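Peer 1: structure for the following, please:
(3 chains)
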Amino acid sequence: MKLDSKIPEGPLAQKWTNAKFNYKLVNPANKRRYSVIVVGSGLAGGAAAATLGELGYNVKCFCYQDSPRRAHSIAAQGGINAAKNYQNDGDSIFRLFYDTIKGGDFRSREANVYRLAEVSVDIIDQCVASGVPFAREYGGMLANRSFGGAQVSRTFYARGQTGQQLLLGAYQSLSRQIALGQVKMYNRHEMLDVVKVDGVAKGIITRNMVTGKIDRWAADVVVLATGGYSTVYFLSTNAAGCNVTAAWRAHKRGAGFANPCFTQIHPTCIPQEGEHQSKLTLMSESLRNDGRVWVPKKAEDCAKNPNDIPEDARDYFLERKYPSFGNLAPRDISSRAAKEVCDEGRGVGAAIAGVRRGVYLDFADSIKRLGKNVIAERYGNLFDMYENITGENAYERPMRIYPAPHYTMGGLWVDYNLMTTVPGLFAAGEANYSDHGANRLGASALMQGLADGYFVLPYTISNYLATIPLGQAGKIDPNGPDFEEAENNVRSMTDKMMSIKGKTSPRSVHIELGKIMWDNCGMARSKESLTDAIARIGQLRERFWNDVCIPGEADNINIELERAGRVADHLEFAELMCYDALDRDESCGGHFRLEHQTEDGEAVRHDDQYGHVSVWEFNGVGKAPVKHIEPLEYENVQLGVRSYK
Amino acid sequence: MSAKTLNLTLRVWRQKKPEAAGQFVTYKIDKISPDSSFLEMMDLLNEQLIEQGDEPVAFDHDCREGICGMCSMTINGVPHGKNRLQTTCQLHMRSFSDGDTITIEPFRAKPFPVMRDLVVDRTPLDSIIQSGGYITQRVGSAEDANAVPISKTIADKAMDAAACIGCGACVAVCPNASAMLFTSAKMSQLNMLPQGKPEKDRRALHMVQAMDDNGFGNCTNIGECEAACPVGISLDFIAMMNRDYAVAKVKKIFSGAA
Amino acid sequence: MTSLGKKYIMAVTGLILVGFVIGHMLGNLQMFLHPDWMNAYAYKLQNLPYGLLWIVRLGLLAAVVAHIVTAVLLVLENKRARPQGYSVNATLQASFASKTMRYTGLILIAFIVFHILHFTVRATHADVTAAYYALTPIAGVATMHGSADMAGKLVPDVFSMVAVGFSAQFWYVSVFYIIAMALLFLHLSHGISSMFQSLGLRNKTWRLRLDRAALIIAIALFIGFASIPAVSLLGLLPYQEMVNTGVTVPTALTQP
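Peer 2: Numbers count the residues shown, from 1 in each chain, chains lettered A, B, ... in the order given. Here you go, the predicted structure:
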């Protein structure tokens, strides 16, 4: 596996400009001869499909939902960052770049992150022009808020539904291209394999989730914008349908997987209530702007009504440990602090397996200071959501929150052009590992998705397509042997799963896998826990393949077949995640190894040994993967210890 | 966090294929936590069915936090259930009582054919958006985001309309299966904003046409859609659509173009 | 025609018809005044210049027909759009009136036909016809439409015709009228506000106001219209003693 990051020449601020100038172009009249497959219709995929269609390419877009508008980007609440400096508070492209690099604990590639910061300003312009109703001030100008550990106000937002509005903006552009015939949309299609012809990605295999039909699709280039893999934990803030299948099957076809152990555990989620639970719900991080996080000082107070616990019996642990950032400390740090106090037995709420996992997020002081109306105006929808789910009124009783798996920084390795190690196969958005290092800052996921989709892929894909001779454009034969082999591969996996007819439901296996991962490869990891996890995942996988039960037929809507396929991939992928976590013998961002911490529990990085991207090559199921390294070079920032004290 | 659990009787619509006849099948399900969501209850029902060797009930769902619009289901005659401003995934079992019988049907409308059990095809909503629910604008052509000020009132109102999650509950609850609330929400959002003004008339004419062509019914101004909408989209937007369409139509009659 | 086109027709014709019924009711309320008011008013309406009477009648007929035809088309389309209903029915916020427009409308059509036969064509009851043709001289009471200048003129006795038509002997007619007016009340309590919605002239603030206005207008129309058969039925018209029952009619009279 060759890792050529293809970082352009020139000083940091000139790299993207230079790259764009040096990219090859496709003549406008010839664009329609080239075909593009985009898998996924979220911010990255939807925006890429719309933009590539607009440029004149022949685009096919696939999603597993019933409409491209359902992609899980829609659930992002807080906002999107952009270095507009509309607030005159000292923001700049370089500052956004620096914050993102630092927030990522110095594990991302400088050139990519700088480009992200650079195009962030264009994203806001683009979104406003496409009708996104961002929040505004009375004078008609765009409003901003500070968000997720940033010292400047650079976050643009549309109430608590920013992701929804941005996604719908992209969806609308996509819809326009669909109407024009530039993009053909395939809903309820799940990608099950990537097809390589002579080592180059030239198509995909899908299952029509309504009829069960297995289809072959050929194209000159394939883009995966298929999101992250938090559902490996079963309980996460991801949609129930989110899965690692597309990325994993691309990985099995040779795409290197980068830093899979970098997962983000989001601090402000509603705690688990019971064994019945199917997902965890995120509450926007913006709540921490006005809420104070605490637990009782003494474990015996934990079952009490929080309003009866006097001030001096409360431990405002974030304020205590990180006085300068307080309740606004970054996600990884806040999450870990919450876990710590719960591990000490000072958690609150329902006890699951004997441990109360929850901390209070208390608005009483803010309500006293600002009035209930102001709080309701700022967070009313979140308080309502909280009440919907828990049945508790957070105006009167502190909210209970607990960290939950949310975003995955790891993903398919890509070069500067967002191409994976498989030529012709691109990965965008959360599906790639590119921009967030070991920890993602708030309001950056939307930024990256749209940057990749609107402003990066259209250039880099044109550049790639320009290398394909015109005579070969759009002429891939879906009846060739490689397509046949890939289709058979998909069919045999389906047949195999269907034929087991055992006793174990796919959901129960997923729940069990989730527990293994959460306990052993979650917020705190160690050599023992990871080694143990790898062994147990192998056993669970074996049980799945011997005893899974999928009722019904494959040629109809079959929700258990869909689930089983995804669980099967998670069962393989989870192992890779643990191998990576085991290999990365340092604490870094979202990856916390118990062996590497300071006396007061802060993460300790080892830049000399692990200042690189770990890229894994598939080596067969159940076999240790092969590690490759992309060294990270920092020319523009000083590596420092991330301190939020 | 209450310790009491619920024992329920479920009448669920089962239909194997789009062309197959469907019927209600009654299931008993016990020990449901009031803290579980409606969809989690359905998950448990499916686990029970798998254990019994039956086929699970197919239903649409995805984000399970009330924003993607994928979950559907008509619960006791009301799309997304009786609670206001809630999707099915946000409906929790504490809204029911021990011993209840719950009837679960798919969304019913001609343009939403049942595909299996509780799964319906809502792609006609996509085709309404494709007909004009966008702003024609090239990536890269945008001016600075603050170049055109938009008053807070307009921005807020556009956001009220833009909040639509496209779940189709408005269609499902309407005795006429009208998609006017859905169509008007997108049309009003874009027609209100300065960026959407240049193609306002065209948008109005095309979206209404697409709505009709897809077989949705007419609005009788009874307001059930507004009440069933999980995000509270107001009937006002239908009035705005009616006005925008009338203006566009009159302009078209006199100028001949749109 | 598009769905919205049909809605505009419903609204515009509805508006015309509401305007008509308001005028009609105000005219009818003259039953509570001296018979000169009603008789001179009716005479003038019947004798409008330039054939205006028929122009208005045809206009109203066109409005009614368009309202009905469009309504039928809408109902059929709506049925097609929702071929299968739910096994459990629930209503969230729709008013009873709004859900029964098609039924109240249907009964109102029957009422309109009867009403025209009853008082315009006068083909239902001989006594009504007789009262109409018992010409009565205008007494010369000063009225808004200036009957003083018509003093002594012989005109059809519309006042008596109505009083007889609603008298106790035809109690079922009065009852039918009152029921029909109750249905009109229902129809308009939704319809009046609804037509502003259809024409796009309503928003959240005005919805409340228009809903109230619709209710007030619909109640006023009900009281105004229903009061006449009700009071006539009880024989309590202020000028009850001036009702000519038509028993002494000269038989050879022709319509003026």
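
Peer 1: show the pLDDT at residue 200.
Peer 2: I'll assume chain A. Looking at A:V200, its pLDDT reads 98.

Peer 1: wrong one, I was asking about chain B
Peer 2: Model confidence at B:K200 (pLDDT) stands at 98.

Peer 1: now the stretch 1-150 of chain B, which segments are flagged as low pLDDT?
Peer 2: Counting by pLDDT under 70, the stretch 1-150 of chain B contains low-confidence ranges at B:1-3.

Peer 1: for it, what spans make up the helices?
Peer 2: Here the stretch 1-150 of chain B has its helices, by DSSP state H, counting those that start in this stretch, at B:38-51, B:123-132.

Peer 1: buried set for the longest one?
Peer 2: Read it as helix B:38-51. Of all the residues in helix B:38-51, those buried under the rule 16 or more other Cβ atoms under 10 Å in any protein chain shown are B:38-46, B:48-50. From N, CA and C alone the C-beta is placed, and that goes for glycine too.

Peer 1: excluding sequence neighbours, find me the nearest residue to whatever residue of the stretch 1-150 of chain B ends up closest to chain A.
Peer 2: Per Cβ to the nearest Cβ, the residue of the stretch 1-150 of chain B with the smallest distance to chain A is B:P149, at 2.6 Å. Nearest residue to B:P149, sequence neighbours excluded (Cβ to Cβ, 6 or more residues apart in numbering or on different chains): A:G140, at 2.6 Å.

Peer 1: quick one: the one you found and B:S151 touch, right?
Peer 2: Yes - applying Cβ atoms under 8 Å, one finds A:G140 in contact with B:S151, separated by 5.4 Å.

Peer 1: list the contacts of A:D435.
Peer 2: By Cβ atoms under 8 Å, 6 or more residues apart in numbering or on different chains, the contact list for A:D435 reads A:100, A:104, A:108-109, A:112-113, A:116, A:444, A:448.

Peer 1: from the residues you listed, list the buried ones, please.
Peer 2: Of the contacts of A:D435, these count as buried by 16+ other Cβ under 10 Å: A:100, A:104, A:108-109, A:112-113, A:116, A:444, A:448.

Peer 1: how about the residues of the stretch 101-250 of chain C near chain B?
Peer 2: Selection of the stretch 101-250 of chain C residues close to chain B by Cβ under 8 Å from any Cβ of the partner chain yields C:101, C:190, C:193-194, C:196-204, C:207.

Peer 1: now with 10 Å, please.
Peer 2: By Cβ under 10 Å from any Cβ of the partner chain, the residues of the stretch 101-250 of chain C that approach chain B are C:101-102, C:190-191, C:193-207.

Peer 1: buried subset of the residues you listed as a ChimeraX selection?
Peer 2: Remark: buried members of those, expressed as a ChimeraX selection using 16+ other Cβ under 10 Å:
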select /C:101,190,191,193,194,195,196,197,198,199,200,202,203,206,207
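
Peer 1: what about B:G215, how many neighbours?
Peer 2: Other residues within reach of B:G215, judged by other Cβ atoms under 10 Å in any protein chain shown, total 16.

Peer 1: same question but for A:E275, I mixed them up
Peer 2: Other residues near A:E275 number 11, with proximity taken as other Cβ under 10 Å.

Peer 1: next one: C:R212
Peer 2: Neighbour count of C:R212, defined by other Cβ under 10 Å: 11.

Peer 1: I'd like to know which of the buried ones among the contacts of A:D435 are part of helices.
Peer 2: Using DSSP state H, the subset of these located in helices is A:100, A:112-113, A:116, A:448.

Peer 1: any chance of those residues in TSV, plus pLDDT?
Peer 2: Shown next, in TSV, are those (pLDDT from 0 to 100):
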residue	pLDDT
A:T100	95
A:N112	98
A:V113	98
A:L116	98
A:Q448	98
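
Peer 1: reformat these as CSV; add distance to chain C.
Peer 2: Listed next are those as CSV, based on distance: Cβ to the nearest Cβ, whole Å:
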residue, distance to chain C
A:T100, 43
A:N112, 48
A:V113, 46
A:L116, 42
A:Q448, 39
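
Peer 1: looking at the buried residues of helix B:38-51, which is nearest A:M497?
Peer 2: The closest of these to A:M497 turns out to be B:I50 (Cβ to Cβ; 13.8 Å).

Peer 1: skipping its backbone neighbours, what lies nearest that closest one in space?
Peer 2: In space, B:I50 comes closest to A:S505 once its chain neighbours are excluded; the distance is 4.7 Å by Cβ to Cβ, 6+ apart.

Peer 1: the stretch 101-250 of chain C: strands as residue ranges?
Peer 2: All strands of the stretch 101-250 of chain C, identified by DSSP state E, counting those that start in this stretch, fall at C:136-137, C:154-155.

Peer 1: partners of the first one, with directions?
Peer 2: Yep, that's strand C:136-137 we're talking about. Strand C:136-137 has the following sheet partners, assigned by DSSP bridges: strand C:154-155 (antiparallel).

Peer 1: check the secondary structure at the closest residue in space to A:Q87 that isn't next to it in sequence for me.
Peer 2: Spatial nearest neighbour of A:Q87, chain neighbours left out: A:S153 (4.6 Å); criterion: Cβ to Cβ, 6+ apart. Using DSSP: H, G, I helix; E, B strand; the rest coil, the structure places A:S153 in coil.

Peer 1: thinking again about what came up before, and the helices of the stretch 1-150 of chain B as a markdown table, adding distance to A:Y459?
Peer 2: What follows is the helices of the stretch 1-150 of chain B, written out as a markdown table (distance: least, Cβ to Cβ, whole Å):
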| stretch | distance to A:Y459 |
| --- | --- |
| helix B:38-51 | 41 |
| helix B:123-132 | 27 |
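
Peer 1: still on that earlier bit, what sits against the residue nearest to B:P149?
Peer 2: By Cβ atoms under 10 Å, 6 or more residues apart in numbering or on different chains, A:G140 lies in contact with B:146, B:148-155, B:194.

Peer 1: can you pick out the most distant pair from those residues?
Peer 2: The distance between the two most remote of the contacts of A:G140 (Cβ to Cβ) is 17.4 Å, for B:N146 and B:T153.

Peer 1: in terms of neighbours, single out the busier of the two.
Peer 2: Neighbour count, other Cβ under 10 Å: between B:N146 and B:T153, B:N146 has more, with 17 against 12.

Peer 1: wait, isn't that one in contact with A:V121?
Peer 2: No - look at B:N146 against A:V121 with Cβ atoms under 10 Å: they stay out of range, at 11.1 Å.

Peer 1: shared neighbours of these two, anything?
Peer 2: Contact with both B:N146 and A:V121 is made by residues A:K84, according to Cβ under 10 Å, 6+ apart.
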